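1. With the input below, show me the fold.
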Amino acid sequence: MARLSHLEAELEDARRDIERLSAELSVAEARLHEHSKAQARAKAARSAAESKLFELRARRKKAYLALERKRALLSRYEREAAELRGELSALGEVKEPPEGAVPGTPDVLQARLRQVERRLAELGPVNLRAIEEYEAFVVEFQAFKERVRTLEREKEEIEHFIGEVEQKKREKFFATLETVSAELDRLFKRLFGGGEAGLKLAEEGNIDSGLLVYARPPGKEPRLLDALSGGEKTLVAIAFVLALASGRPAPFYLLDEVDAALDRANSERLAHLLKDFAKNSQVIVISHNEELVRFADRMYGVTMRNGASEVVAMELVTDGKR
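-> Residues are numbered from 1 along each chain as shown. Predicted coordinates for the structure are as follows:
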């Protein structure tokens, strides 16, 4: 019984750990869901920002090209205007143009000057605001990128935390599975007088695939629960329930004619096992089997009288007779 108490304590600790880890996992998954939504929103905003940035880059390039073009024209027109003003000034001082001078009268030169000045006026102001908008939006875009990077880091941290919780959960699950399987094997050997039994996953390594109970009664090949006889299934099922109960004992257990398919020898083995189990938990058994009933600490009979059930207490004597 000391071994049973030790197993019960270990299973109870494992159960509490699994419940705690499951709660932590639920919280982490909720956080991951919220971060995923925030990340999706941030990515959408970044995509929109990238489109706007692309547009602003195009506008900036266009503005720069226009600026350079106008600067070139401005330089050219200013140079021509300066030359014309110089020529006009020279004409005002010299009556006869020197040999090799550019031919032209003051009226012609004035007309050319007005034409150059008109072209200068037509150049208009360069839209420097597009460049300013671009520079301001670059700052905003960098903030978006930093926000997305932050969300991605947080998501990685949460996923790492979930991975750790999942790993701990798996470790606890397999530790509990091993403990329950060992206890099932111990109870099986006691009920069958040998053989072996245990638990295994339906899919190796997949804790969500379900559990299979396998058993090998003495002198037989290992087989799954469905391949056992009725009596063998009963004993294995009882051993499995008691193996689980050893980790989380209940105040009492109610067994309703679980011995119906058992012969006398197996009924007696079951009675001895339940007798030991009843030292830690109350066991209530409904049975018509004399081999099982004679090991009871208390016995109650139920009869039908005048259409109503009536419970009758029956006294037990030391030799097992009533």
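
2. Count residues in the vicinity of A30, would you?
-> When neighbours are defined as other Cβ atoms under 10 Å, A30 has 11 of them. C-betas here are computed from N, CA, C, even on glycine.

3. Look up how far L211 lies from it.
-> Separation of A30 from L211 (Cβ to Cβ, to the nearest Å) stands at 28 Å.

4. and if you look at L235?
-> Relative to L211, L235 is positioned 18 Å away (Cβ to Cβ).

5. Show me which of the two is the more surrounded one.
-> Between L235 and L211, counting by other Cβ under 10 Å, L235 is the more crowded of the two (27 against 13).

6. Which is the succeeding secondary structure element to the helix-or-strand element of the chain with minimal mean pLDDT?
-> Across the helices and strands of the chain, mean confidence by mean pLDDT, DSSP states H and E is lowest for helix 106-123: a mean of 62. Sequence-wise, the next helix or strand downstream of helix 106-123 (DSSP states H and E) is helix 129-192.

7. Now the element after that next one, going C-ward?
-> strand 196-201.

8. Identify the residues contacting stretch 284-291?
-> Residues from elsewhere that reach stretch 284-291 (Cβ atoms under 8 Å, 6 or more residues apart in numbering): 252-260, 262, 264, 267-268, 271, 274, 292-293, 296.

9. actually stretch 253-273, not the one I typed
-> 187, 190-193, 230-231, 233-235, 237-238, 241-242, 245, 274, 277, 281-289, 291-292, 294-295.

10. Now that stretch: average pLDDT?
-> Averaged across stretch 253-273, the pLDDT comes to 87.

11. On the three-state scheme, V213 is what?
-> Following DSSP: H, G, I helix; E, B strand; the rest coil, V213 is assigned to strand.

12. any idea how far it lies from G198?
-> To G198, V213 is 8 Å away according to Cβ to Cβ.

13. before we move on, what about F188?
-> Per Cβ to Cβ, F188 is found 8 Å from G198.

14. Tell me where the model's unsure across the stretch 151-300 of the chain.
-> Confidence mapping of the stretch 151-300 of the chain against pLDDT under 70 gives the ranges 247.

15. for the stretch 201-322 of the chain, what spans make up the helices?
-> 230-245, 264-277, 290-293 (DSSP state H, counting those that start in this stretch).

16. Let me know which of the ones you listed is tucked in deepest.
-> helix 230-245 (a mean of 19; mean count of other Cβ atoms under 10 Å).

17. okay, the angle between that one and helix 129-192?
-> 130 degrees (axes from the mean of the first three to the mean of the last three Cα atoms, to 10 degrees).
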